[in-house]
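In: have a look at this fold, sequence not included:
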């Protein structure tokens with residue numbers, strides 16, 4: 001239980017500066033006048049969510065490595081967490097790239 005609390009506190013300490021330095025939205029950021037503007041807003045939000053999830057995944061994998069204590073099963077579990085984090089990043093990059101390629105081929109890029 002203590003490890004979870006310490007991990008959450010460390011995670012909060014890492015995320016807090018990013019939240020504190022966030023730029024407040026400008027008044028015209030919420031204006032959606034076309035489908036393209038709506039897509040841009042959704043894509044920007046999706047990238048932010050993806051980046052936060054990827055960061056958390058790598059922090060969890062790092063904590064698992066540090067707390068493994070040389071136990072081969074725990075080290076293997078940490079390696080799998082790291083591998084799945086990298087796989088998630090690759091899939092997200094491919095997904096966003098496919099959307100960009102299709103937009104470019106259709107002349108909307």
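Out: That came through, no problem. What you see is a predicted model; the values in this text were computed from it and never measured. Residues are numbered from 1 along each chain as shown.
In: average model confidence for stretch 76-86?
Out: Average pLDDT, stretch 76-86: 88.
In: buried sites along it?
Out: 78, 81-82, 85 (16 or more other CB atoms under 10 Å). Where you see a C-beta, it was placed from the backbone N, CA and C, and this is true even at glycine.
In: nearest to residue 35 among those residues?
Out: residue 85 (32.6 Å; CB to CB).
In: now that closest one: how far from residue 105?
Out: 31 Å (CB to CB, to the nearest Å).
In: and the helices in the protein, which stretches?
Out: 2-20, 35-67, 72-106 (DSSP state H).
In: which of these has the lowest average pLDDT?
Out: helix 2-20 - the lowest mean pLDDT of the helices of the chain, at a mean of 70.
In: what's the spacing between residue 78 and residue 63?
Out: Residue 78 is 8 Å from residue 63, by CB to CB.
In: could you do residue 8 as well?
Out: For residue 8 relative to residue 63 (CB to CB), the value is 10 Å.
In: more neighbours: which of those two?
Out: Ranked by neighbour count (other CB atoms under 10 Å), residue 8 and residue 63 place residue 63 first, with 18 against 10.
In: in contact with that one, which residues?
Out: Counting by CB atoms under 8 Å, 6 or more residues apart in numbering, residue 63 makes contact with 7, 10.
In: one more time with 10 Å
Out: 3-4, 6-7, 10-11, 78, 81 (CB atoms under 10 Å, 6 or more residues apart in numbering).
In: what of residue 91?
Out: residue 50.
In: 8 Å instead, please
Out: So residue 91 contacts nothing (CB under 8 Å, 6+ apart).
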